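Participant: Next come a sequence and a model predicted from it.
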There are 2 protein chains.
Amino acid sequence: MEKQMTTKEKIIFESLKLFSEKGYEGVSMREIASAVGIKGASIYNHFKGKEEIFNAIFEEMKSRYDGFATSMHIPVEQDDTTTEIYLNIDEEMLLKYTENLLGFLVKEEFPVMFRKLLVGEQHRSPIAAEMLKQYYFDGPILFQKQLFESLQKKGVFKGYDAGIMALHFYSPIYYIICKLDLGASYEEYLQTIKSHVHGFYMLYVK
Amino acid sequence: MEKQMTTKEKIIFESLKLFSEKGYEGVSMREIASAVGIKGASIYNHFKGKEEIFNAIFEEMKSRYDGFATSMHIPVEQDDTTTEIYLNIDEEMLLKYTENLLGFLVKEEFPVMFRKLLVGEQHRSPIAAEMLKQYYFDGPILFQKQLFESLQKKGVFKGYDAGIMALHFYSPIYYIICKLDLGASYEEYLQTIKSHVHGFYMLYVK
DNA sequence: CCTACCGATCGGTAGG
DNA sequence: CCTACCGATCGGTAGG
């Protein structure tokens, strides 16, 4: 946890930490206050209630994700154009893309905690379900599908169903993310990631 | 919900239903009692407390899974032998295996509710995390890895890393299970499953 | 940002 | 399987 945070930022950060460990319902306002270093009633000077903290966490994550996506040249809003950069992709670059993605998603504590919150609340909170779907299911598959389609048009990849290719490429990554959240070590899976990307490239490239 | 259940069975069933929808912490003993049709205090004639209901749900699922695994000729305890049956596998049989697995995991309500409970409680309950890991991560990967190794020895499959093959085969199935839990329809994904199994078979069979 | 307090609900018990 | 009740804790408010 960084220094120099305002009380409001501290509340967001500590709430996310507690929610990700104990679930939204399992955390009391007094517990959040105690983690921040104030009394329970004082939280209400910054937020109207518990749900507003929940929403603020989502807004904070959206903002962080947008920054990351921009730096990775991944479109945030879905349009039909795949960024130029990815069209000259080779195996090394595909691996680099994967490692950067995982670097953000599993090595930075905010995204890790946020994902644990999303996963834990998906069957109670429609907004959590929608965000999980967008960030970890439909979003990556759509981006990669469009990428592979472009690479097929360029003649780099073989002419399989691009949707299935995206599923073959992305789903092992999602599986590994879930395993890391279950306590596996990144180092343990580094070789698996490399082998997966290598295998994918060998099978599909012309 | 079947008729002719004892009160104890009703408590297990209705608790699982409520836990899967609202989380363990989000459900009160009075809520469970009301769903069963009795008063809150009466539950304590069948269970010592809330946690004992939680544990009973796990025992019930274990028993149901053992029955399913036996019928599928999937080893419940991990040993080194792959059942004879699977060694003469072809694409049709591989698809049948996948459809049977999904039929149990996503079409029967008890496994569906139980998985939602596991996923939702994995970061709070070590026993939920362990069971999720065994049922949905390490278990299927180990079984399939051994299967593909056997098929490689028989000369049916090409000589890729069997662990990566298992990851390529299983992780799209897990991805689809999660999407179905998020509200997608089975029919919508039937074609994807077929294409995935077909693609896998084409890529890896000799 | 605090103390003091509200009504509601929690898991669980006593006793029949 | 019930009514009646326990102490503890919940989200939130009043007022300073």
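Facilitator: That came in fine, so what should we check first?
Participant: quick check, the lengthiest helix in chain A touching DNA strand D?
Facilitator: The longest helix of chain A (DSSP state H) is helix A:50-71. Yes - judged by CB under 7 Å from any atom of the strand, helix A:50-71 and DNA strand D are in contact via A:50-51. Every residue, glycine included, has its C-beta placed from N, CA and C.
Participant: pull the CA atoms of the helix or strand following that helix into PDB?
Facilitator: Per DSSP states H and E, the first helix or strand lying C-terminal to helix A:50-71 is helix A:91-107. C-alpha atoms of helix A:91-107 as PDB (Å, rounded to 0.1, in the frame of the first residue of the first chain):
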ATOM      1  CA  GLU A  91       6.200 -16.100 -31.600                       C
ATOM      2  CA  GLU A  92       8.400 -13.900 -29.400                       C
ATOM      3  CA  MET A  93       6.000 -11.000 -29.600                       C
ATOM      4  CA  LEU A  94       3.000 -13.300 -28.900                       C
ATOM      5  CA  LEU A  95       4.800 -14.500 -25.800                       C
ATOM      6  CA  LYS A  96       5.700 -10.900 -24.800                       C
ATOM      7  CA  TYR A  97       2.000  -9.900 -25.200                       C
ATOM      8  CA  THR A  98       1.000 -12.800 -22.900                       C
ATOM      9  CA  GLU A  99       3.600 -12.000 -20.300                       C
ATOM     10  CA  ASN A 100       2.600  -8.300 -20.200                       C
ATOM     11  CA  LEU A 101      -1.100  -9.300 -19.900                       C
ATOM     12  CA  LEU A 102      -0.300 -11.700 -17.000                       C
ATOM     13  CA  GLY A 103       2.100  -9.200 -15.500                       C
ATOM     14  CA  PHE A 104      -0.700  -6.700 -15.100                       C
ATOM     15  CA  LEU A 105      -3.400  -9.200 -14.100                       C
ATOM     16  CA  VAL A 106      -1.600 -11.400 -11.700                       C
ATOM     17  CA  LYS A 107       1.400  -9.500 -10.400                       C
END
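Participant: Point out where chain A drops to low pLDDT.
Facilitator: Scanning chain A for pLDDT under 70 picks out the ranges A:1-3, A:78-82.
Participant: Quick check: residues of it near DNA strand D?
Facilitator: Going by CB under 7 Å from any atom of the strand, the residues of chain A near DNA strand D are A:27-31, A:40-41, A:44, A:48-51.
Participant: from those residues, which two are the most distant?
Facilitator: Greatest spacing in the residues of chain A next to DNA strand D, by CB to CB: A:Glu31 and A:Lys48 (18.3 Å).
Participant: circling back: which strands and helices sit next to the longest helix of chain A?
Facilitator: Secondary-structure packing of helix A:50-71 (3 or more CB pairs under 8 Å, 6 or more residues apart in numbering or on different chains; DSSP states H and E): helix A:7-22, helix A:109-121, helix A:126-132.
Participant: Going by neighbour count, which residues in that helix are buried?
Facilitator: Neighbour counts over helix A:50-71 (16 or more other CB atoms under 10 Å in any protein chain shown) mark A:50, A:53-54, A:56-58, A:60-61, A:65, A:68-69 as buried.
Participant: Flag every buried residue along stretch A:182-198.
Facilitator: Along stretch A:182-198, these residues count as buried under the neighbour rule (16+ other CB under 10 Å): A:182, A:184, A:189, A:192-193, A:195-197.
Participant: Of these, which is the nearest to A:Ser150?
Facilitator: Nearest to A:Ser150, judged by CB to CB, of the buried residues of stretch A:182-198 is A:Val197 at 18.4 Å.
Participant: Briefly note if the host helix or strand of that closest one comes near chain B.
Facilitator: A:Val197 is part of helix A:186-204, with elements assigned from DSSP H and E. Yes - shown here: helix A:186-204 in contact with chain B (CB under 8 Å from any CB of the partner chain) through A:192, A:195-196, A:199, A:203.
Participant: Which strand or helix spans the residue lying closest to A:Ile74 once chain neighbours are set aside?
Facilitator: Setting aside the residues directly before and after it, A:Ile74 is nearest to A:Phe143 in space (CB to CB, 6 or more residues apart in numbering or on different chains), at 6.1 Å. For A:Phe143, the enclosing helix or strand under DSSP H and E is helix A:139-153.
Participant: helices or strands up against that helix?
Facilitator: The elements that helix A:139-153 packs onto, with contact taken as 3+ CB pairs under 8 Å, 6+ apart, are helix A:162-181.
Participant: what's the angle from the helix it packs on to helix A:186-204?
Facilitator: Here helix A:162-181 runs at an angle of 170 degrees relative to helix A:186-204 (axes from the mean of the first three to the mean of the last three CA atoms, to 10 degrees).
Participant: what packs against helix A:162-181?
Facilitator: If you count contacts as 3+ CB pairs under 8 Å, 6+ apart, helix A:162-181 packs onto helix A:91-107, helix A:109-121, helix A:139-153, helix A:186-204, helix B:162-181, helix B:186-204.
Participant: Could you provide those helices in a markdown table, with additional columns for distance to B:Ser20?
Facilitator: Shown next, in a markdown table, are the helices and strands packed on helix A:162-181 (distance: least, CB to CB, whole Å):
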| stretch | distance to B:Ser20 |
| --- | --- |
| helix A:91-107 | 26 |
| helix A:109-121 | 13 |
| helix A:139-153 | 26 |
| helix A:186-204 | 29 |
| helix B:162-181 | 10 |
| helix B:186-204 | 18 |
